[in-house]
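Engineer: Pasting the sequence and the predicted coordinates here, then a few questions.
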Amino acid sequence: MKHIISALVENKPGVLAHVAGMFAARAFNIDSLVVGRTENPDMSRMTIVVIGDDKVLEQVRKQLAKIISVVKVQDFADRPIVARDLMLITVSAPPEKRGELLALIEIFKSKVVDIGPKFVMVEVSGGEAKIEAFIDACRPYGIKSLARTGTIAMPRQARAED
Amino acid sequence: MASKVPPPAANASTPILKPGSQIVVDTLVEQGVEVIFGYPGGVVLPLFDKLYDAPLRFYLPRHEQGGCHMADAYARASGRTGVVIATSGPGATNLTTGLATAMMDSVPIVAITGQVRTDLIGNDAFQEADTTGITRPITKHNLIVKDVKEIARSIREAFYIASTGRPGPVLVDIPVDTEVAQCEVEPAGPIEMRGYRIRTQGHSKQIQIAAQAINSAEKPVLYVGGGVITANATDELRALAIKGNIPVTTTLMGLGAYDQTRPESLDMLGMHGSAYANYAVQQCDILISVGARFDDRVTGKLKTFAPGAKIVHIDIDPASISKNVHVDIPLVGDAKTILTEMASLIEHRDRTEWFETIAGWKKKYPLSYDNNTACIKPQYVIEELSRQTKGEAIVCTGVGQHQMWTAQFFRFTKPRRFISSGGLGTMGFGFPAAIGAQVAMPGQTVIDIDGDSSFSMTLQELGTAVQYQLPVKVFILNNGYMGMVRQWQELFYHKRYSHSFLKVPDFAAVARAFGAAGYTIEKKEQVPQVIKQALAEKGPCIVDCHVEREENVWPMVAAGKALDEMDGLELLERMA
């Protein structure tokens, strides 16, 4: 089972290494880990997708919270969230296939960000299902390379203000 | 290096500038540090220059690992934070075993290491190592201070983190140019750390629920770990156990938290714990864990651990709760405050049947050994030491059979008297630990009960003991083997003693060569007299006692077995 955990951490050198090292040492199974600055230059947000059952998730939360540079840990298990992944993918696009490929890109509401004689580079953002579906759809054409950020997520607004 | 220019006289318009090295020393003094263990080196020369005439007592080990173990035991014996200083590269890497030892046993240490110049970091410079990278998994927190203005705050925070909540080692890495750079010093202010909040007060409703459950229990057991000693909560524990009439067992780390001579004491539990403690835990209906972490040495096979028991867990670290064993009533907070609040709600219950059952187990399976032999049994030496020191000595050990026998046969009545590497199981801990404990408690008798193999790992610290005339007494239970390894090879590998035997030196001669006193015991009749003489020595002393070579520790919960599936019970029964 995949769970998404969001952690607010201090924006200091070594924090990413500390969190990654802790996950490795405790043999937690990490699907993806993304970190970036927030509107506060002192703080970064880390979004981690963990694979495991509830017992594992509880330990992941607690061990993360124990790290001094980790300020706040949020488990999104029971909350409605918005989750997004960003991908850049270079697909083989010979002239005879280009038309249908561009139509596919249109269907997925994605953007062409680079175009060349043999390849197109597409920027796709969305939930994990959409990203996976696009990759599958591109496979028959030939994927040259791809880069994904991994999932970032934030909670939706509750009916009554949080 | 530039020649020293005296600082300008202070007046209203000239700020007082101090070099980083001075700020380090001043902040240590401000934090109440009295003792430092450390070893000089290239990138800590500026710091050592300021230590030369600082109002601090300094002790030089012969290896940084020894220095770290000394700081560790200093902390365990005194309740204060230990301090160790080392240089960059090999100095820092030599600390790693000591830091990991302190980390596993939750001991407060601040380690200060020098680092190469900031512009050389990451360049494979001379004596450079990625100290913060290497020590990240074995410290509670670590940091590198690249700005001299951050030194004071970093050290203050280091002490705060090391000594509060669940204590642990904190490392501060200081590049040499930061030590030399100058700045004005900010006075100490309140410490605000966004990512570090300590909860001391337990949840009152939870405490009530726990107390109710305990009061209605027929067969309760208190399972006590090192956390009770760290929290200085042994008086509160005693009050609770006596008021509630509840039997008490301790882990290795908890020895001394409860007076073993009291009737409620079940002695130690676990892999080499007493049969009566293990049976009590397996058959109890409520297990009240305080300051312990359900370690694998204690639980045996997890699936069958305390099968009928409701589990109450009092601990300051929420990550320890329900980590291995599902906890029914968790209580996060400080043991002292929680035990006090709980004791007011606990009622006395007779529980005669439960205590009678326990008494039956104690009678049938006492901790014992066959002393009707001509050779010297290691357990006999330990019992004689316990008798002669009358509960007033601080006892350190190495790791292995001698450590287990000490836990079984030495009687502990007070906290901070048993100092041993429990979590990491570091051979060689005993002797430097004894030195550190002696520094912490100069008036007390400090003994190290050690094995020949463990002692061989750090025996060069004899130099330190002699240099500062620290009168530690080392009793080596010498069997020419790594005893515990040999026992496992006997039991599980058909006595194939693969590289578990040593050619040992004449330890008494080694002691004398270093300038300490040395005794050798080869005959059983010599034991009481030589122990008496050794304990009376004014300076450091080594006693090399040649013991039975192939003696085993019983009972034993073998790997994969349940806590009540102990081996060796027939032997104990026969000797009862």
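Structural biologist: Thanks, I have the structure now.

Engineer: Domains in the chain, by residue range?
Structural biologist: Using chain A. For chain A, automatic domain parsing gives the domain ranges A:2-75, A:82-153.

Engineer: let's do chain B instead
Structural biologist: Per automatic domain parsing, the structural domains of chain B span B:18-183, B:204-364, B:378-554.

Engineer: is it possible to export those to TSV including distance to A:T151 and mean pLDDT?
Structural biologist: For the C-beta atoms, the positions are set from N, CA and C on the backbone; glycine is no exception. Formatted as TSV, the domains of chain B follow (distance: least, Cβ to Cβ, whole Å; pLDDT from 0 to 100):
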stretch	distance to A:T151	mean pLDDT
domain B:18-183	25	97
domain B:204-364	25	97
domain B:378-554	36	98
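
Engineer: In TSV: these, plus mean neighbour count and distance to B:M193.
Structural biologist: Below are the domains of chain B laid out as TSV (neighbours: other Cβ atoms under 10 Å in any protein chain shown; distance: least, Cβ to Cβ, whole Å):
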stretch	mean neighbour count	distance to B:M193
domain B:18-183	22	7
domain B:204-364	21	16
domain B:378-554	21	25
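
Engineer: how about a markdown table for those domains, with distance to B:D564 added?
Structural biologist: Formatted as a markdown table, these follow (distance: least, Cβ to Cβ, whole Å):
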| stretch | distance to B:D564 |
| --- | --- |
| domain B:18-183 | 27 |
| domain B:204-364 | 4 |
| domain B:378-554 | 15 |
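
Engineer: Need those in TSV (columns: distance to chain A).
Structural biologist: Shown next, in TSV, are the domains of chain B (distance: least, Cβ to the nearest Cβ, whole Å):
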stretch	distance to chain A
domain B:18-183	4
domain B:204-364	4
domain B:378-554	14
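
Engineer: ok, back up a step: tabulate the domains of chain A (JSON lines), appending mean pLDDT.
Structural biologist: Shown next, in JSON lines, are the domains of chain A (pLDDT from 0 to 100):
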{"stretch": "domain A:2-75", "mean pLDDT": "94"}
{"stretch": "domain A:82-153", "mean pLDDT": "95"}
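
Engineer: closest to B:P15 out of these?
Structural biologist: When those are compared by Cβ to Cβ, domain A:2-75 sits nearest B:P15, at 26.9 Å.

Engineer: Do me a favour and get the end-to-end distance for that closest one?
Structural biologist: Using Cα to Cα, to the nearest Å, the end-to-end distance of domain A:2-75 comes to 12 Å.

Engineer: now swap in stretch B:18-36 and tell me
Structural biologist: End-to-end distance (Cα to Cα), stretch B:18-36: 21 Å.

Engineer: what's next to that stretch, contact-wise?
Structural biologist: B:7, B:46-47, B:49-51, B:54-59, B:74, B:80-81, B:83-85, B:112, B:145, B:148, B:151-152, B:155-156, B:159, B:174, B:178-185, B:188, B:439-440 (Cβ atoms under 8 Å, 6 or more residues apart in numbering or on different chains).

Engineer: Next, check these against the helices and list the overlap.
Structural biologist: Taking DSSP state H as the definition of helices, those contribute B:46-47, B:49-51, B:74, B:151-152, B:155-156, B:159, B:178-180, B:439-440.

Engineer: related to what we said a few turns ago, okay if I get the domains of chain A as TSV plus distance to chain B and mean neighbour count?
Structural biologist: Compiled in TSV, those are given as follows (distance: least, Cβ to the nearest Cβ, whole Å; neighbours: other Cβ atoms under 10 Å in any protein chain shown):
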stretch	distance to chain B	mean neighbour count
domain A:2-75	4	17
domain A:82-153	21	15
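
Engineer: Let me know which of the ones you listed is the nearest to B:V228.
Structural biologist: domain A:2-75 (20.7 Å).

Engineer: Find out how far the closest one is from the centre of the chain, if you would.
Structural biologist: Distance, stretch centre to chain centre, for domain A:2-75: 13 Å (Cα atoms, centre = their mean, to the nearest Å).

Engineer: what do you get for stretch A:137-151?
Structural biologist: Between the mean C-alpha location of stretch A:137-151 and the chain-wide mean there is a distance of 14 Å, by Cα atoms, centre = their mean.

Engineer: Could you find the closest non-adjacent residue to residue 74?
Structural biologist: Reading this off chain A. Sequence neighbours aside, A:S6 is the residue nearest to A:Q74 in space, at 4.5 Å (criterion: Cβ to Cβ, 6 or more residues apart in numbering or on different chains).

Engineer: that's the other chain; I wanted chain B
Structural biologist: B:G436 (4.1 Å).
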